[in-house]
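Undergrad: Build me a model from this:
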Amino acid sequence: MRDSGKIFFLVMVSSIVSLVADKKGIIAPKNRLILILYKWQVVRSSLLISKKYLLSMASLKPT
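TA: Here you go, the predicted model:
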């Protein structure tokens, strides 16, 4: 549970940072692409972790 919370926090921070940088025009197009790829990786790994978490919770429940 803590891992998914950490990753969610990272996603929030990175999206806020990218929004601020977009408004100020700091990020070059090349860097923006890298940032998008990085965000995709973070989101994908958080989805995998939450899926594993849900599966482990389901296996713990009595049938």
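Undergrad: my guess is Leu10 contacts Val42, does it?
TA: Yes. Using C-beta atoms under 8 Å, Leu10 is in contact with Val42, at 5.8 Å. Just so you know, the C-beta spots here come from the backbone N, C-alpha and C atoms, and that holds for glycine as well.
Undergrad: pLDDT value on Trp40, please?
TA: Looking at Trp40, its pLDDT stands at 83.
Undergrad: And whatever helix or strand it lives in, what's buried?
TA: Per DSSP states H and E, Trp40 falls inside helix 29-60. Within helix 29-60, the residues that count as buried by 16 or more other C-beta atoms under 10 Å are 35, 42-43, 46, 49.
Undergrad: what packs against that helix?
TA: For helix 29-60, the elements it packs on are helix 2-24, judged by 3 or more C-beta pairs under 8 Å, 6 or more residues apart in numbering; DSSP states H and E.
Undergrad: Show me which positions of the helix it packs on end up buried.
TA: Residues of helix 2-24 classed as buried: 4, 7, 10, 18 (neighbour count, 16+ other C-beta under 10 Å).
Undergrad: Pull the distance from that helix to the chain's centre.
TA: Counting by C-alpha atoms, centre = their mean, to the nearest Å, helix 2-24 is centred 8 Å from the centre of its parent chain.
Undergrad: Show me what it packs onto, helices and strands only.
TA: Applying 3+ C-beta pairs under 8 Å, 6+ apart, one finds that helix 2-24 contacts helix 29-60.
Undergrad: The helix it packs on vs helix 2-24, what angle?
TA: With axes from the mean of the first three to the mean of the last three C-alpha atoms, to 10 degrees defining the directions, helix 29-60 sits at 160 degrees from helix 2-24.
Undergrad: begin at 11 from here
TA: Right, with 11 as the first residue, what we last looked at is helix 39-70.
Undergrad: quick one: contacts of the worst-scoring helix or strand of the chain on mean pLDDT?
TA: The weakest-scoring helix or strand in the chain, judged by mean pLDDT, DSSP states H and E, is helix 12-34 (a mean of 73). Defining contact as C-beta atoms under 8 Å, 6 or more residues apart in numbering, one finds that helix 12-34 is touched by 37, 42, 45, 48-49, 52-53, 55-56, 59-60, 63.
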